[in-house]
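In: could you work out the structure for the sequence below:
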Amino acid sequence: MTLTQTLWSDITDIYAAILEHPFLVGLKEGTLNDDAFSYYVVQDAHYLEDYARALAVCAAKAAADTDVAMFARHAAGAIEVERELHEHLLGELGIPASTAAGTSVGPTNRAYTSYLLATCYGGSFAEALAAVLPCYWIYWEVGKELLAHGSPDPRYQRWIDTYGGEEFTAIVRDVLATADRVGEDIAADQLARMRAHFVTTSRYEWMFWDAAWRGETWPV
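Out: Next comes the predicted model:
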């Protein structure tokens with residue numbers, strides 16, 4: 001069994017819960033209300049700032065030149081492409097960029113990015129890779145799943161097209177190949193840490209969509 005097969009086998013129940021979440025069901029059916037989608041877009045813009053930092057740390061910790069180049073390129077390029085998508089969506093939702101920038105980072109978002117950055121800065125390259133992987137991989141799987149159905153809302157369809165499209169597919173396949181190469185010679189203790197980080201950030205992916213669905217705020 002490859003590393004990626006092992007990692008995915010650990011989160012099949014989490015992924016099933018993600019596909020069943022009302023946020024994604026609403027995205028697919030075009031019934032998701034604007035408030036929930038606006039919350040998601042604003043929080044995701046905040047998230048991407050820290051995710052780009054996490055990818056840059058992966059690049060800094062990678063031993064192979066090809067991995068350094070790939071994660072640096074993803075931090076500077078692919079994340080920027082995603083941010084452009086959100087800036088476009090913010091305009092369609094009538095949210096000024098200044099309002100989005102001034103909106104507080106939500107509790108789940110703060111917890112997720114704090115865990116992500118702590119793992120990338122404090123752990124090995126393999127651990128950092130496992131921590132950032134769900135954001136690539138789960139979004140791709142969700143994009144493919146929703147692409148098969150489509151959405152009657154053009155804003156939601158554009159989001160689906162981005163993550164289910166060929167460009168993102170190529171990016172994710174490169175990262176998965178890197179993970180399997182790392183997994184060919186991984187010590188047992190490192191593998192255990194990778195599996196734990198992968199499960200944790202996969203849970204945070206579900207929680208991120210759930211926070212948007214609930215319009216999560218700080219309780220005090």
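
In: contacts, neighbours, all on C-alpha from now
Out: Fine.

In: contacts for the helix or strand that contains Val182?
Out: Assessed by DSSP states H and E, Val182 sits inside helix 166-183. Contact with helix 166-183 is made by 2-4, 67, 126, 129-130, 133, 136-137, 140, 162-163, 191, as judged by Cα atoms under 8 Å, 6 or more residues apart in numbering.

In: redo that, cut-off 7 Å
Out: 2-4, 126, 136-137, 140, 162 (Cα atoms under 7 Å, 6 or more residues apart in numbering).

In: alpha carbons only: can I get that helix in PDB?
Out: Once non-C-alpha atoms are left out, helix 166-183 reads as follows in PDB (Å, rounded to 0.1, in the frame of the first residue of the first chain):
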ATOM      1  CA  GLU A 166      -7.400  20.100 -15.200                       C
ATOM      2  CA  GLU A 167      -5.000  22.700 -13.900                       C
ATOM      3  CA  PHE A 168      -5.700  21.900 -10.300                       C
ATOM      4  CA  THR A 169      -5.700  18.200 -11.100                       C
ATOM      5  CA  ALA A 170      -2.100  18.500 -12.300                       C
ATOM      6  CA  ILE A 171      -1.100  20.400  -9.200                       C
ATOM      7  CA  VAL A 172      -2.600  17.800  -6.800                       C
ATOM      8  CA  ARG A 173      -1.200  14.800  -8.700                       C
ATOM      9  CA  ASP A 174       2.300  16.300  -8.400                       C
ATOM     10  CA  VAL A 175       1.900  16.700  -4.600                       C
ATOM     11  CA  LEU A 176       0.500  13.100  -4.300                       C
ATOM     12  CA  ALA A 177       3.400  11.700  -6.200                       C
ATOM     13  CA  THR A 178       5.700  13.600  -3.900                       C
ATOM     14  CA  ALA A 179       4.000  12.100  -0.800                       C
ATOM     15  CA  ASP A 180       4.300   8.600  -2.200                       C
ATOM     16  CA  ARG A 181       8.000   9.200  -2.900                       C
ATOM     17  CA  VAL A 182       8.500  10.400   0.700                       C
ATOM     18  CA  GLY A 183       6.500   7.400   1.900                       C
END
